[in-house]
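Student: Test case, fold it:
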Amino acid sequence: MAEWIDSLFGAFDMGVFTALHSLAVAAGENAGPEITSFLTYLMHFISFFAHDGLCMLALGLLLMVPRRTRRLGACVFLSVCCGAVITNLTLKPLVARVRPYANFEHLAGTVESWWIAVGQPLESDRSFPSGHTTAATAAMVGLFLSAKRKKALWPVLIFPLLMAFSRVYLMVHYTSDVLVGLVSGALGGVAAFFLIRLLFGFLERHRDLRLFAFVLDFEPLTFLKGLRKQQGGEKQ
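Tutor: Next up, the predicted model:
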């Protein structure tokens, strides 16, 4: 399947790589292994936030702490997990596409030198689709769908596009990889949104059970304030 994708999108992928290499050169990137362009540093910075989906998972966990944003956090966390199932556990092993800088039968002879010029970012798994793009898209789609005030959150959907751009700019993914990553992430976010809605609906209907009520209502700040008052009372 990887060979078929290479042949189908080869000219398109190479055209985008050429354009982004020209952009890197125009931004001041040299041919050597040392990064010389602020744009390249920026692309590495953006890419970092979806490495193994860890920052996106951490965002979900952080949002789950306050009761007011618990549902949002749960949706973000589950969205990343759903996206990982689609991309990392299913499509990557199934397609087994080689990274562009290592695909010597296709275009590595050209792209490898460009990859070196932007810092030789190493990736250990397969190329299709982009796991970084999937994680970023899943998290932001999950966040957007589960939010009540969606008008204020439209800008978060720009982040997956920046992530996709950074992955191709760094020559670790083909454009076709990140496009499918955007779709996989969106599907993960939508799936998580409906699963979380079912889960929280179930918890609400059975909140008479202490465990479910605790999951829905526990507020760390309120708990800490109560604990401080209790300790203060004991000292007196």
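Student: Let's verify the spatially closest residue to V85 that is not a sequence neighbour: helix, strand, or coil?
Tutor: Spatially, and ignoring its direct neighbours in sequence, V85 is nearest to G188 (7.5 Å; C-beta to C-beta, 6 or more residues apart in numbering). Where you see a C-beta, it was placed from the backbone N, CA and C, and this is true even at glycine. Counting by DSSP: H, G, I helix; E, B strand; the rest coil, the backbone at G188 sits in helix.
Student: Tell me, how many residues neighbour G188?
Tutor: G188: 27 surrounding residues under other C-beta atoms under 10 Å.
Student: residues contacting it?
Tutor: Going by C-beta atoms under 8 Å, 6 or more residues apart in numbering, G188 touches 79-86, 134, 137-138, 141-142.
Student: Return the member of those nearest to L42.
Tutor: Of all the contacts of G188, the one sitting nearest L42 is T137; the distance, using C-beta to C-beta, is 19.5 Å.
Student: what's the closest non-adjacent residue to that closest one?
Tutor: G185 (2.5 Å).
Student: give the contact list for that neighbour.
Tutor: Per C-beta under 8 Å, 6+ apart, neighbours of G185: 79, 83, 87, 133-139, 141, 160.
Student: What residues of whichever strand or helix holds it count as buried?
Tutor: In the assignment (DSSP states H and E), G185 maps to helix 175-205. For helix 175-205, a neighbour-count test (16 or more other C-beta atoms under 10 Å) marks 175-193, 195-196, 199-200, 203 as buried.
Student: just how off-centre is that helix within its chain?
Tutor: Centroid separation for helix 175-205 versus its chain: 13 Å, with C-alpha atoms, centre = their mean, to the nearest Å.
Student: Whichever helix or strand comes after that helix packs against which elements?
Tutor: Where DSSP H and E defines the elements, the next helix or strand beyond helix 175-205 is helix 210-217. When contacts are defined as 3 or more C-beta pairs under 8 Å, 6 or more residues apart in numbering; DSSP states H and E, helix 210-217 sits against helix 175-205.
Student: what pLDDT does F223 get?
Tutor: Confidence at F223, expressed as pLDDT, is 51.
Student: F202 is in contact with V215, correct?
Tutor: No: between V215 and F202 there is no contact under C-beta atoms under 8 Å: 10.8 Å.
Student: pLDDT of stretch 150-160, averaged?
Tutor: 90.
Student: Pull the residues that contact that stretch.
Tutor: 133, 136-137, 140-141, 143-144, 147, 182, 185.
Student: That stretch: which residues count as buried?
Tutor: For stretch 150-160, by 16+ other C-beta under 10 Å, it's 153, 159-160.
Student: what's the closest non-adjacent residue to L195?
Tutor: L78 (6.2 Å).
Student: count of neighbours near the one you found?
Tutor: L78 has 22 nearby residues by other C-beta under 10 Å.
Student: What strand or helix carries it?
Tutor: Using DSSP H and E, L78 falls in helix 70-86.
Student: and the next helix or strand after that helix, what's its mean pLDDT?
Tutor: Next helix or strand after helix 70-86 toward the C-terminus (DSSP H and E): helix 92-95. Averaged over helix 92-95, pLDDT sits at 93.
Student: In helix 92-95, which residues are buried?
Tutor: 92, 95.
Student: Which residues outside that helix are in contact with it?
Tutor: In contact with helix 92-95 (C-beta under 8 Å, 6+ apart) are residues 1-2, 5, 125-129, 131.
Student: now those residues: which count as buried?
Tutor: 2, 5, 126-129, 131.
Student: Take those residues and lay them out in TSV including secondary structure, pLDDT and distance to G119.
Tutor: Output for those, formatted as TSV (DSSP: H, G, I helix; E, B strand; the rest coil; pLDDT from 0 to 100; distance: C-beta to C-beta, whole Å):
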residue	secondary structure	pLDDT	distance to G119
A2	helix	80	25
I5	helix	86	26
R126	coil	87	21
S127	coil	89	18
F128	coil	93	22
P129	coil	93	22
G131	helix	94	19
